[in-house]
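>>> give me a 3D structure for the following:
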Amino acid sequence: MQIACIVLFCTTILLSRATDADALTESELFRNIQKISESRDAGELDTMSRKFFRLYPKSDHIPDIRLMIAENEKNPEEAIRKYRVLVDKYRYYQKRDYAQFRICEILYLVARWSRLRVEAQKGAKLFPKSSYHVNFQLFLAKSLIFLDQLDEASKILKKIARTNHHYENLSLAILLLAHIDKYTSGYSKKYITGITEIIVGFKNSDTTPTALYLLGSYYERKRDYDRSYSAYTDLIKQYPRSPESVYAREHINRIEKYHPQKVAYIPDSAILENIDTIDIRPEIDLENRAPSRADLVYAISLGPFYNLMRTRKIAHLIKKDCKPISIVRLRKNFVIYAGRFSDSETALTMKIRLAEEFGLNGNIVRIKRDDKKQYFYGE
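Now for the predicted structure:
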């Protein structure tokens, strides 16, 4: 009897809620759904949305409700599907361009580069006059960079830099161009000029902490610890909540043993004149490479590879078994130098292991260093 009363009581409550919802006007129910959406109660939002669709199937509020449902969706693929309904089925919806922007944003966050390229191109084509048009172009450029199509990405970014004067978009375009310059010409004059332009000309931009971090890293790599320390210190002081400041603190801890001093660090004309036009070298720490700088050591050369993403995947695959890993960009391809071995027998053992376990056929190379350079010699 008691159980029957409880069931009857719960049923009465549900019927009461349903009756209350049915009694609300279209506008009242829509406002309730907005409040539920703001509270992030996805389950209640789904229930009340279904109620709205049943009661008011031709309402002008339906696309807005569908947008709220998509915004509250936690699964990336499902969210993309729901945004796509708005883009494909509601041709006259005023926030259709925003839905396409969110599709691109999600694909960028989950690193789906090929799909991002397609959706960014679609967004730019469908919404040429949208306020998100430049965002679609930037997403397209980012996808092309990760797909190692640097020339195409560079053309898009240079066009943005010429024609778009939005503060954040322009600074991001300059930063991405500097990123491309680093891949094509290394730590070159062009690359340093690009990140310096952001630091000097876009002090309030979201990209400035990244530019400061990159400049500090450049100086650290050149063993200019005073300027490196100064750039990192300013980054932490000016942008304490940025993710880059966390990494900057780690780098400061690493270079404190050199007792760096605070100095002026913004590259002036004299510094820029002393930077090579092309400076492509492996990003490796020479200090940890061998007991003595004069030692002759061995490594395994893998490649050539013609796609940067594939090169990085291979490097990531073997890095736990064969440290350190260096990726060197040559004129038209990439080479991986894996490991540092004191004798050729140990290098041969690793070469066989890479072939047997990973299917990678490499060559043994000798690495000879002087004070400033490394020389690689084949088998």
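>>> which residues are contacting stretch 85-103?
Residues from elsewhere that reach stretch 85-103 (Cβ atoms under 8 Å, 6 or more residues apart in numbering): 63-64, 66-67, 70-71, 79-80, 83-84, 119, 122-123, 126-127, 130-132, 135-136. For the C-beta atoms, the positions are set from N, CA and C on the backbone; glycine is no exception.
>>> now, the residues you listed that are in helices?
In this view, the contacts of stretch 85-103 that belong to helices under DSSP state H are 63-64, 66-67, 70-71, 79-80, 83-84, 119, 122-123, 126, 135-136.
>>> list the buried residues in the helix or strand where residue 157 lies.
Residue 157 belongs to helix 150-163 when assigned by DSSP states H and E. Neighbour-count burial for helix 150-163 flags 150, 153, 154, 156, 157, 160, 161 (criterion: 16 or more other Cβ atoms under 10 Å).
>>> again with stretch 112-127
112, 113, 115, 116, 117, 119, 120, 122, 123, 124, 127.
>>> so for that stretch, mean pLDDT?
Mean per-residue pLDDT for stretch 112-127: 96.
>>> just the C-alpha atoms of that stretch, please, in CSV.
Below are the C-alpha coordinates for stretch 112-127, written out as CSV (Å, rounded to 0.1, in the frame of the first residue of the first chain):
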residue,chain,number,x,y,z
ARG,A,112,41.2,16.9,-36.5
TRP,A,113,43.3,18.8,-39.1
SER,A,114,41.9,17.4,-42.3
ARG,A,115,38.3,17.9,-41.2
LEU,A,116,39.1,21.3,-39.9
ARG,A,117,40.5,22.3,-43.3
VAL,A,118,37.2,21.2,-45.0
GLU,A,119,35.0,22.9,-42.5
ALA,A,120,37.0,26.1,-42.5
GLN,A,121,36.9,26.3,-46.3
LYS,A,122,33.2,25.7,-46.1
GLY,A,123,32.7,28.5,-43.6
ALA,A,124,34.7,31.0,-45.6
LYS,A,125,32.7,30.1,-48.7
LEU,A,126,29.3,30.2,-47.1
PHE,A,127,29.8,33.3,-45.0
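>>> next helix or strand past the top strand by length along the chain?
If you go by DSSP state E, the chain has its longest strand at strand 296-305. Going down the chain from strand 296-305, the next helix or strand is helix 308-318, by DSSP H and E.
>>> which helices and strands sit right next to that next one?
strand 296-305, strand 325-329, strand 334-341, helix 344-358 (3 or more Cβ pairs under 8 Å, 6 or more residues apart in numbering; DSSP states H and E).
>>> show me the shaky parts of the stretch 151-300 of the chain.
Of all residues in the stretch 151-300 of the chain, those with pLDDT under 70 make up the ranges 276-295.
>>> make it 80
Residue ranges of the stretch 151-300 of the chain with pLDDT under 80: 183-186, 274-296.
>>> any idea how far residue 174 is from the spatially closest residue to residue 170 that is not a sequence neighbour?
Nearest non-adjacent residue to residue 170, counting by Cβ to Cβ, 6 or more residues apart in numbering: residue 164, 5.9 Å away. From residue 164 across to residue 174, the span is 11 Å (Cβ to Cβ, to the nearest Å).
>>> which one of these two is surrounded by more residues?
Comparing residue 164 with residue 174 by neighbour count (other Cβ atoms under 10 Å), the higher total belongs to residue 174, at 23 against 15.
>>> return the distance of the host helix or strand of the more buried one from the chain's centre.
Applying DSSP H and E as the criterion places residue 174 in helix 167-185. Distance of helix 167-185 from its chain centroid, counting by Cα atoms, centre = their mean, to the nearest Å, is 13 Å.
>>> between whichever helix or strand comes after that helix and helix 167-185, how many degrees?
Sequence-wise, the next helix or strand downstream of helix 167-185 (DSSP H and E) is helix 189-201. Here helix 189-201 runs at an angle of 160 degrees relative to helix 167-185 (axes from the mean of the first three to the mean of the last three Cα atoms, to 10 degrees).
>>> tell me what angle the helix or strand just after helix 189-201 forms with helix 189-201.
Note on helix 189-201: by DSSP H and E, the next helix or strand toward the C-terminus is helix 208-221. Interaxial angle, helix 208-221 versus helix 189-201 (the same axes, to 10 degrees): 140 degrees.
>>> mind listing what's buried in helix 208-221?
Buried-residue list, helix 208-221, by 16+ other Cβ under 10 Å: 208-220.
>>> name the surrounding residues that touch it.
Residues outside helix 208-221 that contact it (Cβ under 8 Å, 6+ apart) are 171, 175, 178, 187, 192, 195-196, 198-199, 202, 225, 227-229, 231-232, 234-235, 238-239, 242-245, 247-248, 251, 255, 265, 267, 283.
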